[in-house]
Structures are given as structure tokens and as C-alpha cells.
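Novice: Fold the following, please.
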Amino acid sequence: MALNLSIIIINYNSKLYIKKCIESIFLFFNSKKNDVKFGWEIIIVDNASNDGSVEFIEKKISEAELFNIRLIKLSDNSGFSKASNIGAKNCRGEFLLFLNPDTEIIQEGLENILKFYNEKLKTEKIGVIGVKILNPDGSLQYSCRSFPTLARQFYESFFLQRLFKKSRFFGSYFMTYWDHYDNKKVDWLTGAFMLICRETFFQAGCFDEDYFIYSEDTDLCLRLVKNGFINYYCSDYSLRHTDAGIASQNPALREYQIWKSRKLYFKKNYSNFHAFILNVLYLAGVLNRIAVFGIPAMLKSKNPDFKTRFRVYINTLKLWRKQKY
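Specialist: Predicted coordinates:
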């Protein structure tokens, strides 16, 4: 059986989640309901975890004699982009599937995504394909988006995209004007689930390793589009995403990392001036949120969420003040 699919998972202190992720993959491929007619492998690249997840993975591989799982241990936390590229270089599959460790495959049909990809390849240059991603409660995550612009950052900073979700104008970044229940050509898709032909991935130059975490997926998709490739959102398949990576466990750090990577994206793809304006808009957004959540918090609102969010943005601002522009 030809090896068609290499699943690449980047692990960093994800012991609580990666067990369910791996088990869901094996459950899918071993299910008699799924007529899987292609070879597959899992490549786990560990970014120097210290939570016991490496030992857990090694034990899992040894006990179950899982010969199609390989673990690559890095000596330090090199970031998502570099670790993903290392994983890709050690893969043998025709297709690469970058999958977050806090995801779970929740239904049959993964093989249909490969069929969809191959069918589109007959007439189009296909870049990345993403799928419908659900929160643990079953609600939709906006996993496909339009490319970031200063205008879209303005809408986000001043709550316009939240106030006018159904507007194609203000809701353009997260594409909230659309129900996400049909297949569609899109600008970019999040790295929680990214399927791409191995040859295309290397042709595009892989992930840019200047991004430690966040925006590397946006940057890759932009390069693909500039080179004539089309990125697709496929609603025929879905998976669950907890969105509980190590950065998510520190919300202020997560906000700051998103901010930092977005600024780098604008520097690389627009100009230093665009990055400066983005910085101003992002700062305005943080200050707006401090005001919105801080006033109810100071008035001792019974909703604890206000106080939590207020602290998150105060801490984000503290991290921002330490940055070197």
C-alpha cells in the first residue's frame, strides 16, 4: 500500500490533549466503517517538553508496537514553524497533514478530503485545504479567513466586526457573514488542520521560521496565492479543536504572541510603515478592551468574566511595553 498521508503533530507540553488526538487518529484508521485504502504515518515533533508527554508518547509507541508513529525530539523549543518543517523533511507521504495536538477526529470521511484534493488538482493548482473545525461544545470555530489588512485590524480593534458580523465589509476577516457549511475558495486556513501536497509545501518554501508561533499559516497561504495556488475550505469533514495549546494557558501571552507575529507578517508582506500602523491599531484595541471590561470589573459586576478579561488585557499591555520595535 502506497504511503499517501503523513500526519505531522507538534508537541509542546501537550500531555493532557495529545493522548486523545493520537487515539482518535487510530480509531478512525482502524474502524471497519472507514474503507481506508492508503498508507499513513504519524510524525510527532517534540519541542523539548517537560510535562511528561515525551515519556507518555514513547511508552504508547512501545506498548502498542506502533510502527507507523515516529517521535523526533528537539533539544529546545524551536517554535511551531521550525518544528513543522523538521517534521515535513522527515515525512514520506505524498500529502502532509499538519494537525494540532489538541484536536480530535470526530467522524469518518478523512479519506474524502484526499479525494477532494486530487479531484481539484485535475483542473486547478491547489495549495492548502482546511476543514470545518468545531469547539468542544460543538459550536463553529472560524478556521478560514481573509488575509489581514489594516482596515480589518481597525474593524477588530474597534469591535466593528463583532457588532456587524453579517456584514461582508466589517465581517470580512473571520468571514462571519457566511455560515461555513459549504466548500469555498478562501485566502487562508488556520494551522490546526492544514492539508497540503508535500511537493507544493516545499515548492512554496515551507513555513517561514521567523514566525515562532501564529501567522506562519497566514504567511504560507499568502505565498501560495501569490504563486497561483488556490486554498480551499472543505465543509464535508470536521474535527474538534480544544484550542488549549500552551499559549492558550496564558491568555495574555497568547494575545501578545498573536500581536507580535501579526506585526512581523505586515513587515514581511507590506512595509515597516504598515507594521507601525498595525501596532497603533492593536494597541488601541487592547486599550478599548481594558476600558470595556475594566469598568464593569471596577463596578464589581457579578460576571467574573469581566474581571478575567480585564486582567488579560492589562497583562498583554505590560508585555507590549517590553517589546523592541
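
Novice: gap between residue 307 and residue 257?
Specialist: According to C-beta to C-beta, to the nearest Å, residue 307 stands 23 Å off from residue 257. Bear in mind the C-beta positions are built from the backbone N, C-alpha and C, glycine included.

Novice: From the neighbour counts alone, determine which of those two ranks first.
Specialist: residue 257 (19 against 16; other C-beta atoms under 10 Å).

Novice: Quick check: which element contains the more buried one?
Specialist: Taking DSSP states H and E as the criterion, residue 257 maps to helix 251-269.

Novice: Off-centre distance for that helix?
Specialist: 14 Å (C-alpha atoms, centre = their mean, to the nearest Å).

Novice: for stretch 278-295, same thing?
Specialist: Mean-position distance between stretch 278-295 and its chain equals 24 Å (C-alpha atoms, centre = their mean).

Novice: Which residue ranges of the stretch 201-325 of the chain form helices?
Specialist: Secondary structure of the stretch 201-325 of the chain, counting by DSSP state H, counting those that start in this stretch: helices at 216-226, 251-269, 272-298, 304-321.

Novice: Give me the mean pLDDT for the longest one.
Specialist: Confidence over helix 272-298 (mean pLDDT, whole number) is 90.

Novice: angle of it against helix 251-269?
Specialist: For helix 272-298 against helix 251-269, the angle by axes from the mean of the first three to the mean of the last three C-alpha atoms, to 10 degrees is 160 degrees.

Novice: cool, and the shortest one?
Specialist: What separates the directions of helix 216-226 and helix 251-269 is an angle of 20 degrees, with the same axes, to 10 degrees.

Novice: Just the mean pLDDT for helix 216-226, thanks.
Specialist: Computed over helix 216-226, the average pLDDT equals 98.

Novice: likewise stretch 4-16?
Specialist: 94.

Novice: picking that back up, excluding its own residues, what touches the helix holding residue 257? List them.
Specialist: 148, 153, 208, 210-216, 218-219, 222, 247-248, 274-275, 278-279, 282, 286, 311-316, 318-320, 323 (C-beta atoms under 8 Å, 6 or more residues apart in numbering).

Novice: Filter those down to the buried ones.
Specialist: 148, 153, 208, 210-216, 218-219, 222, 247, 274-275, 278-279, 282, 286, 311-313, 315-316, 319-320 (16 or more other C-beta atoms under 10 Å).

Novice: returning to what we had before: okay, the helices of the stretch 201-325 of the chain, which one's buried deepest?
Specialist: Most buried of those by mean neighbour count (mean count of other C-beta atoms under 10 Å) is helix 216-226; its value is a mean of 22.

Novice: helices or strands up against that one?
Specialist: Where contact means 3 or more C-beta pairs under 8 Å, 6 or more residues apart in numbering; DSSP states H and E, helix 216-226 is packed against helix 80-89, strand 126-134, strand 188-189, strand 230-241, helix 251-269.

Novice: Could you dump those into JSON lines and include distance to residue 143?
Specialist: Formatted as JSON lines, the helices and strands packed on helix 216-226 follow (distance: least, C-beta to C-beta, whole Å):
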{"stretch": "helix 80-89", "distance to residue 143": "16"}
{"stretch": "strand 126-134", "distance to residue 143": "4"}
{"stretch": "strand 188-189", "distance to residue 143": "6"}
{"stretch": "strand 230-241", "distance to residue 143": "7"}
{"stretch": "helix 251-269", "distance to residue 143": "15"}
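
Novice: Let me have those in a markdown table, extended by distance to residue 9 and mean pLDDT.
Specialist: As requested, the helices and strands packed on helix 216-226 are exported to a markdown table (distance: least, C-beta to C-beta, whole Å; pLDDT from 0 to 100):
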| stretch | distance to residue 9 | mean pLDDT |
| --- | --- | --- |
| helix 80-89 | 8 | 98 |
| strand 126-134 | 16 | 95 |
| strand 188-189 | 17 | 98 |
| strand 230-241 | 13 | 92 |
| helix 251-269 | 20 | 94 |
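
Novice: for those, which one sits closest to residue 95?
Specialist: Residue 95 sits nearest to strand 126-134 of all those, at 9.4 Å, using C-beta to C-beta.

Novice: which strands and helices sit next to the closest one?
Specialist: Strand 126-134 packs on helix 110-121, strand 140-141, strand 188-189, strand 193-197, helix 216-226, strand 230-241, going by 3+ C-beta pairs under 8 Å, 6+ apart.

Novice: Name the strands paired with the next helix or strand along the chain from the second one and say parallel or antiparallel.
Specialist: The one in question is strand 140-141. Once strand 140-141 ends, the next helix or strand along the chain (criterion: DSSP H and E) is strand 144-145. Using DSSP bridges, the strands paired with strand 144-145 are strand 188-189 (antiparallel).

Novice: what's in contact with the strand it pairs with?
Specialist: Outside strand 188-189, the residues that touch it by C-beta under 8 Å, 6+ apart are 128-130, 143-147, 217-218, 220-222, 231, 233.
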